[in-house]
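[1] For reference, the sequence and a predicted model appear below.
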Amino acid sequence: MERLRRMFYPESVAVVGASANPQKWGFSALHNLLQGKFPGKIYPVNLSRDQILGVPCYKTLGEIPGKVDLVMIIVPPENLTQAIDDTIRKRAAGVVVLTAGLGEVSEDGKQKEAELAAKLGAAGVEGLGPNCQGIFCTQSRLFAQYVFLFPEAGKISLLSQSGNVGASTVGSCLFHGVGFGKFINYGNEAMTPVHELLDYLTLDPDTSVIAIYIEGPKDGRAFFEALGRATVKKPVVILKGGITEAGSRAVSSHTGAMSGRNEIFFSACEQAGAIVTPNLDEFFFAMVTFAGQPIPKSNKIGVVTWGGGWGVLAADECARCGLDLAPLPEDLSKSLGEVLASRWSRNNPVDLATSGGNRALTKSLELVAKDPLYAGVIHIGIGIALGAKAMVDQSFFLNAPEQAGLRELFIKGSAKVDEYIANAVIRLSHELDKPVLVGSDLASVPGPDNVAWRILKQDGRVIYPTPNSAARAMNCLVKYGSFLRRKGLM
Amino acid sequence: MEVIDKAVREKRKNLTEFESKQLLSQYGVPVTRESLVKNAKQAVAFAEEMGYPVVLKGSGPELMHKTELEVVRLNLKNAREVRQAFKEIKARAGKKLKGCLVQEMVKGRRELVAGLVRDPQFGPCVMFGLGGIYTEILRDVCFRVAPITEEDALDMMNEIRGKKILDAFRGMPPADKKLLAQALVGLGKLGVENSSVKEVDINPLLLSLEGKPVAVDALVILA
């Protein structure tokens, strides 16, 4: 574990196969270390260059005067053995092998991977890859990677067998303004196995949510046991690739993993308390939900919606997931009746039937959230500012010069409503220690005019694009809560 | 386990039904009352002792697919029927017949399946679901990595789509979930403790008229 820690919080990084050609991975690797403002020492290793991007080069790893904690290798497969031998001699803590063309293409490649892994294992050096895009750690400003992604520091760490699935997940976090912790792309898993990386993240104080994209573990039993150690400390969200026969064939040429019997894989993950998600969308929403919301204490959920159909869809999805839309207690129903227009639903979902301004909208949310019956709330209908803007932009009437005052009133007034609700969501969620999830098609897309998003992201929250996605994210929280209660941890 | 060691010594790929049930019973799986007999006289004697109706099944290491080989006779109500059945089975099985299994005839309409598989990635895993012909048609089964707890076993009963089969239904009592859980936990233990067992298939695991699970047929495959 100490070696892995040194790998993610290194004092020095060497790039073997650093290149001055911007079209090569050996260039990107060095470039991104600089771009990410890595505070430690950076040593490019290149036979013919004196410097690249202003950083002095060394002809070999051995020539580097000081110690090297982390080595990145981007050399052709035939030069890999030499690079690994040099890494071992340099007593590095770990090595990230970006080189591709080994176990994922041939049996010979598999053999070679195994030989290199044995060498590293005997020398006590951690190894990621081959066939990966690298790693990053926002807390140490280490961006030892090919991809061009530099998120702010956050609580989510991702273990990904695939580089691009990992990159698109990190990319989604960047897009929504959610921070990220560590990204570990382990490719062919020839060296340090995924269960040891998982154990490291379990113990890592900078990680509070673990996400895993996996095509097939090398050692399922060890993975299962590591999952069990992780889930009692922090939530683990899993996306599995290669669950159909066509997908499995793609896996074997992608990372060379055995994708195995999926029903057993899924059962094992859930048995160990992990949350299994079916696709990239839900994978992303599950991890950010865990990072931004408290865990609910039961499966009783209240839904508050500005419009009826959204509430119906949310109710359907909640029921499908096994969430309990418990009926409104009598006193709550009475209090709601006092703030809402008479056409409201008198039921859970609480359908406001588009009634009310600030007071009705925030008060109804507050009343439901504060009722001890409900362990969490889904609110649908934020993002009024964007709706108002669309209306104002298109309306022939409102665009007339003499309507400037009314235009202003619409835009400013609706922005105020979003601001009220967004702040109420944050305040109530913290005050009551309950998850409050907000769904809205309009407001789910970040942008400068998106008032609700701007406020909520400050608190690490996202806006879910559909009532269904909000309900499913809530279900992930509820499932984990029930696991913790079963273990006597909540 | 003695029955396993013996079969391994004899280089066999599986245990007979009788041996399989002996093993399962040691791990807390309820099995049919039965006895292995050499001739019709012994068969009648055991049937009389146990009470009618009984089931007669041809037994021998080469008689794996008994139904297909037509060496099973159900619902035999008296000594005459037992003797007749013994004669028929002997005629069908020929030299492969090493004896006959005389078994209590368990009445019940709800067929479940339980078993153990050794997954190449996760090792021994307990399986549970709908049994009989529905195992293949509906594939309504679920898995847990062994060893499992009683709570895991109850979870499994809740996980299958056809979980209502375990409730009180059309005059049938609810399944004895405690006994069922004990059987599933036992299967997991069996898998963890016996690395030479590759697979266990209990199909059907019948729910009796009282709702108690009974392994009516069972096969242990060796690694």
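    All right, it came through fine.
[2] In chain B, which residue sits nearest chain A?
    B:Gln121 (2.8 Å; C-beta to the nearest C-beta). Heads up, the C-betas are built off the backbone N, CA and C, glycines and all.
[3] That residue: neighbouring residues, count only.
    Neighbourhood size, B:Gln121 [other C-beta atoms under 10 Å in any protein chain shown]: 22.
[4] Do I have it right that it meets A:Ile214?
    No. The pair B:Gln121 / A:Ile214 is not scored as a contact, 11.2 Å apart, by C-beta atoms under 8 Å.
[5] how does chain B divide into domains?
    B:2-30+B:108-222, B:34-104 (automatic domain parsing).
[6] Just give me how far the longest one sits from the chain centre.
    Mean C-alpha position of domain B:2-30+B:108-222 versus that of the full chain (C-alpha atoms, centre = their mean, to the nearest Å) differs by 8 Å.
[7] Next: stretch A:415-423.
    On C-alpha atoms, centre = their mean, the centre of stretch A:415-423 falls 26 Å from the chain's centre.
[8] Same question for that stretch: list its buried residues.
    A:Ala415, A:Val417, A:Asp418, A:Glu419, A:Tyr420, A:Ile421, A:Ala422 (16 or more other C-beta atoms under 10 Å in any protein chain shown).
[9] Check these against chain B and report the nearest one.
    Distance to chain B across these (C-beta to the nearest C-beta) is lowest for A:Ile421, with 38.0 Å.
[10] Can you tell me how far that closest one is from A:Val436?
    A:Ile421 sits at a distance of 10 Å from A:Val436 (criterion: C-beta to C-beta, to the nearest Å).
[11] Which of the helices and strands in chain B ranks last by mean pLDDT?
    helix B:134-138 (a mean of 83; mean pLDDT, DSSP states H and E).
[12] Residues in a beta bridge with A:Pro56, which ones?
    Beta-bridge partners of A:Pro56, counted by DSSP bridges, are A:Gln51.
[13] Pretty sure it sits against A:Asp50.
    Yes. With contacts counted by C-beta under 8 Å, A:Pro56 reaches A:Asp50, the gap being 6.8 Å.
[14] who's more crowded, those two?
    A:Pro56 (11 against 7).
[15] For stretch A:341-353, give the distance from the opening residue to the closing one.
    Counting by C-alpha to C-alpha, to the nearest Å, you get 8 Å between the two ends of stretch A:341-353.
[16] who's in contact with it?
    Outside stretch A:341-353, the residues that touch it by C-beta atoms under 8 Å, 6 or more residues apart in numbering or on different chains are A:302-308, A:311-312, A:314-315, A:325-328, A:333, A:336-337, A:340, A:355-356, A:360-361, A:364, A:368, A:381.
[17] in chain A, what secondary structure element scores lowest on mean pLDDT?
    helix A:245-254 (a mean of 69).
[18] Send me the least confident helix or strand of chain B as PDB with only the CA atoms.
    Written as PDB, here are the backbone C-alpha positions of helix B:134-138 (Å, rounded to 0.1, in the frame of the first residue of the first chain):
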ATOM      1  CA  TYR B 134     -38.900 -24.400 -15.600                       C
ATOM      2  CA  THR B 135     -35.200 -24.300 -14.900                       C
ATOM      3  CA  GLU B 136     -34.400 -24.500 -18.500                       C
ATOM      4  CA  ILE B 137     -37.400 -22.700 -19.900                       C
ATOM      5  CA  LEU B 138     -37.500 -19.600 -17.600                       C
END
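[19] That one: which residues count as buried?
    By 16+ other C-beta under 10 Å, the buried positions in helix B:134-138 come out as B:Tyr134, B:Thr135.
[20] again, but for stretch A:61-77
    A:Leu61, A:Ile64, A:Val68, A:Asp69, A:Leu70, A:Val71, A:Met72, A:Ile73, A:Ile74, A:Val75, A:Pro77.
[21] which residues are in contact with the least confident helix or strand of chain B?
    B:Glu111, B:Val113, B:Gly129, B:Leu130, B:Asp140, B:Val141, B:Arg161, B:Gly162, B:Asn203.
[22] Same question for stretch B:53-71.
    Contacts for stretch B:53-71 (C-beta under 8 Å, 6+ apart): B:12, B:14, B:16-18, B:32, B:36, B:43, B:47, B:72-77, B:82, B:85-86, B:89-90, B:92-93, B:96-105, B:219.
[23] Is any residue of the helix or strand that the least confident helix or strand of chain B is followed by near chain A?
    Where DSSP states H and E defines the elements, the next helix or strand beyond helix B:134-138 is strand B:141-145. Yes. Interface with chain A: strand B:141-145 contributes B:Val141, B:Cys142, B:Phe143, B:Arg144, B:Val145 (C-beta under 8 Å from any C-beta of the partner chain).
[24] Now do stretch A:49-63, average pLDDT.
    The pLDDT scores in stretch A:49-63 average 96.
[25] Just give the nearest non-adjacent residue to the residue in chain A that chain B sits nearest to, would you?
    Nearest residue of chain A to chain B: A:Gly220, at 2.8 Å (C-beta to the nearest C-beta). The shortest distance from A:Gly220 to any non-neighbouring residue, by C-beta to C-beta, 6 or more residues apart in numbering or on different chains, is to B:Gln121 (2.8 Å).
[26] pLDDT at A:Thr255, what is it?
    The per-residue confidence score, pLDDT, reads 63 for A:Thr255.
[27] Over to the one 3 residues further on?
    For A:Met258, the model assigns a pLDDT of 55.
[28] Kindly report the same for the one 10 residues further on.
    Confidence at A:Ala268, expressed as pLDDT, is 95.
[29] what about it, neighbour count?
    27.
[30] quick one: which helix or strand includes it?
    Counting by DSSP H and E, A:Ala268 is part of helix A:262-271.
[31] For that helix, buried residues please.
    A:Glu263, A:Ile264, A:Phe265, A:Phe266, A:Ser267, A:Ala268, A:Cys269, A:Glu270, A:Gln271.
[32] Just list the residues touching the last one, thanks.
    With C-beta under 8 Å, 6+ apart as the criterion, the residues that contact A:Gln271 are A:Phe224, B:Arg144, B:Val145, B:Ile148, B:Asp152.
[33] contacting residues around residue 196?
    Since no chain was named, I'll use chain A. A:Leu4, A:Ala226.
[34] Chain B was what I was after
    Contacts of B:Ser196 (C-beta under 8 Å, 6+ apart): B:Ile4, B:Val8, B:Leu222, B:Ala223.
[35] who touches the helix or strand the first one falls within?
    Of the helices and strands defined by DSSP H and E, B:Ile4 is found in helix B:2-9. Residues from elsewhere that reach helix B:2-9 (C-beta under 8 Å, 6+ apart): B:Asn14, B:Leu15, B:Glu19, B:Gln22, B:Leu23, B:Asn194, B:Ser196, B:Val197, B:Val220, B:Leu222.
[36] Just among the residues you listed, which is most surrounded?
    In the contacts of helix B:2-9, the most neighbours by other C-beta under 10 Å go to B:Val220, 29 neighbours.
[37] Doesn't it lie inside a strand?
    Yes. Under DSSP: H, G, I helix; E, B strand; the rest coil, B:Val220 falls within a strand.
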